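Asks: Provide a 3D model corresponding to the input given below.
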Amino acid sequence: MRSVQAQPDEADVCVIIAARNAEATIATAVASALRQPEVAEVIVVDDASTDRTSAVAEAAGDGSGRLKLLRLTRNAGPAAARNAALAVATARLLCVLDADDYFLDGRLGRLLAAPRSWDLIADDIVLVRGNAATVAGLVTGPGQPLRLSLAAFVAGNIGRAGEHRRELGFLKPIMRRSFLQRHGLRYDERLRLGEDYALYVEALAAGAVFAVTAPCGYVAIERADSLSAQHRTDDLGAIITFDDAMIAQSGLAPDARKALRAHRDATMRKWQHRRVLDRRRSHGYAAALRELLHAPRAWRHILSETLAAKLARLVPDRAPEGDGAPRLLLGPGPLLRPAR
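Replies: The predicted structure follows:
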């Protein structure tokens, strides 16, 4: 197992925030990043917002000169926005923060206190609804990091019916810029969904040591209208294309190839479901039924998702946004067991 030794001056972090119409939340995100003593630069990339995102982000600066603002003239998606930041970042370590999320004070310090033999290191994420009650009690510090294999990471991105979404692709690791540069890794700009998943898969396939720890203070806001909660047909098709390209690579371990095929199949079922819904909207129920007949392997998924949606409408979530109890993305369980 390869070990990557940290240099003593590597508490030098660039926080990248891609933002699109985020004027309501961007100030909180920027301020939480600037409060981290390890942060050398915060790069906000305004992805052609039509609101006051840029102005609000700029106003959130602390006068230290660490805040940099890039403005894209056309909406290019989160992958392209993050790549624009990667092109100008100078810090040794890189960390992504979504524009509607925030760091608790000390998050980066706690994460960097973990043993340093990693290329990427992420902590479990605290999920809240809106402005939920205090989440500090869920932050335990890094503990002993666990290493993710490529197979375990990919398998950890396959959703399970009846469970909260727990995909490992939601993790927001600190990444060594030197590793990304050495292997020519960037976010896949063809993806507007799953760009994190794709980058981490490519990093692991290139031999990255990806460590995961207990929660250190990344707080994510759960929103029904977030981009990651929306599965457009073309977005899912792009992920299938990515998985196909990875499966075709030589040198993959058998368990990794098997996991990629399982992830591709699960995404294909979602893609076929979206195709049925698209046909229903554009051509009616008869056309949707014909589309369904061409996707027999997806019937179970489509029917279970349809039933779940109908039940959700009959028994709506009674907790208003902001009143839900915070929870961990992963929590204890098989996703955080050491890879064997």
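Asks: neighbours of Leu70, how many?
Replies: For Leu70, the tally of surrounding residues (other Cβ atoms under 10 Å) stands at 16. The C-beta positions use only the backbone N, C-alpha and C, and glycine is treated the same way.
Asks: hmm, I was thinking of Arg232
Replies: 14.
Asks: check contacts around it.
Replies: By Cβ atoms under 8 Å, 6 or more residues apart in numbering, the contact set of Arg232 is 192-193, 274.
Asks: restricted to helices, list those residues.
Replies: Arg274 (DSSP state H).
Asks: Throw the contacts of Arg232 into a markdown table and include neighbour count and pLDDT, thanks.
Replies: A markdown table is the format used below for the contacts of Arg232 (neighbours: other Cβ atoms under 10 Å; pLDDT from 0 to 100):
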| residue | neighbour count | pLDDT |
| --- | --- | --- |
| Arg192 | 19 | 90 |
| Leu193 | 22 | 91 |
| Arg274 | 18 | 76 |
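Asks: which of the contacts of Arg232 lies closest to Arg116?
Replies: Comparing the contacts of Arg232 against Arg116 with Cβ to Cβ places Leu193 closest, at 32.3 Å.
Asks: ok so, going back, let me know the closest of the contacts of Arg232 to Ala256.
Replies: Leu193 (21.8 Å).
Asks: now that closest one, nearest residue through space, not along the chain?
Replies: Once flanking residues are discounted, Leu193 sits nearest to Asp235: 3.8 Å by Cβ to Cβ, 6 or more residues apart in numbering.
Asks: picking up where we left off before, turn the contacts of Arg232 into JSON lines, including distance to Ala18.
Replies: Shown next, in JSON lines, are the contacts of Arg232 (distance: Cβ to Cβ, whole Å):
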{"residue": "Arg192", "distance to Ala18": "11"}
{"residue": "Leu193", "distance to Ala18": "14"}
{"residue": "Arg274", "distance to Ala18": "24"}
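Asks: out of the contacts of Arg232, who's nearest Val139?
Replies: Closest to Val139, out of all of these and judged by Cβ to Cβ, is Leu193, at 28.6 Å.
Asks: phi, psi of that closest one?
Replies: Taking degrees, to the nearest 10, you get phi -140, psi 130 for the backbone angles of Leu193.
Asks: residue ranges of the helices in the stretch 101-250 of the chain, please?
Replies: With DSSP state H, counting those that start in this stretch, the ranges of helices along the stretch 101-250 of the chain come out as 107-112, 150-155, 177-182, 195-205, 233-247.
Asks: now do the last one: everything it contacts.
Replies: Contacts of helix 233-247 with the rest of the structure, by Cβ under 8 Å, 6+ apart, involve 188, 190-194, 197-198, 201-202, 205, 252, 257, 260-261, 263-264, 267-268, 270-271, 274-275, 278.
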